[in-house]
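Asks: here is my input; please provide its structure:
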Amino acid sequence: MTEKEKESLYATFRLFPLREVDVVLLSTFKCSINLDLENFIHNIASDYETRQIARTFVLTNHEKNEVVGYFTISIKSLSTNGMSKTSIKKIDGISNSRACIHSFLIGQLGISDRYTKYKLGSLLLDDAFSKIEMAHDLVAGRYILVDAVNDEKVINFYLKYGFVLLDTEESDNTSVRMIYKI
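Replies: Next comes the predicted model:
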């Protein structure tokens, strides 16, 4: 794809808060690689929005009237259970006995199957960083946390952006915890 073609494609995209998106449009998001992403946007995101648990932002292709991708952000306490005292102090910056560290959470980030070839994860992650930066100006938090699916491509994507893997009790075979220092 040429730069001109890419610019033309990007010009058809718009990012909206979930509350401004018609719920019928959400059904156009398909993610065969990670059905949890599909289930979240179809069945959970609106409830999280209503109950003030998380904010979801939806990237749409307004010419085709479909969802390109989305991300969800929230606040989360990073549990230090299972971490060494050295790791806790390094992350906390002050104490080696802190039970939790307040963080921003990118809870979901996904691209619809039709758009994976365009490598739009970076675009969504940049938008998520931008939203978190605005919140960070008002509310303290030392890190951005992601619970990424335990897949080499996904992990490498986040590593490329400066996230580091955490070895915590909350990581398991299906997901890994990663953090990014703000």
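Asks: and the lengthiest helix in the chain, C-alpha only, in CSV?
Replies: Criterion DSSP state H: the longest helix present in the chain is helix 121-136. Presented in CSV, the C-alpha positions along helix 121-136 are these (Å, rounded to 0.1, in the frame of the first residue of the first chain):
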residue,chain,number,x,y,z
GLY,A,121,-2.8,-1.4,16.3
SER,A,122,-0.3,1.4,16.4
LEU,A,123,-2.9,4.0,15.5
LEU,A,124,-5.2,2.8,18.3
LEU,A,125,-2.4,2.5,20.9
ASP,A,126,-1.3,6.1,20.1
ASP,A,127,-4.9,7.2,20.6
ALA,A,128,-5.1,5.3,23.9
PHE,A,129,-1.8,6.9,25.0
SER,A,130,-3.2,10.3,24.1
LYS,A,131,-6.4,9.8,26.1
ILE,A,132,-4.4,8.5,29.1
GLU,A,133,-2.1,11.5,28.9
MET,A,134,-5.1,13.8,29.2
ALA,A,135,-6.3,11.9,32.2
HIS,A,136,-2.8,11.8,33.7
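Asks: what number of residues lie near Asp22?
Replies: 10 (other Cβ atoms under 10 Å). Every residue, glycine included, has its C-beta placed from N, CA and C.
Asks: low-confidence ranges, the chain, go.
Replies: 1-3, 5-6, 168-172 (pLDDT under 70).
Asks: tell me which residue is most central in it.
Replies: Compute the mean C-alpha point of the chain, and by Cα atoms, centre = their mean the closest residue is Ile106, 3.3 Å away.
Asks: picking up where we left off before, report all helices and strands that the longest helix of the chain contacts.
Replies: strand 55-61, strand 66-79, strand 100-111 (3 or more Cβ pairs under 8 Å, 6 or more residues apart in numbering; DSSP states H and E).
Asks: quick one: contacts for the residue nearest to the centre of the chain?
Replies: 71-73, 125, 128, 132, 144-146 (Cβ atoms under 8 Å, 6 or more residues apart in numbering).
Asks: list just the nearest of those to Ser175.
Replies: Among the contacts of Ile106, Val146 lies closest to Ser175 (Cβ to Cβ), at 9.3 Å.
Asks: just checking, the closest one is part of a strand?
Replies: Yes - residue state for Val146 (DSSP: H, G, I helix; E, B strand; the rest coil) corresponds to a strand.
Asks: thank you, goodbye.
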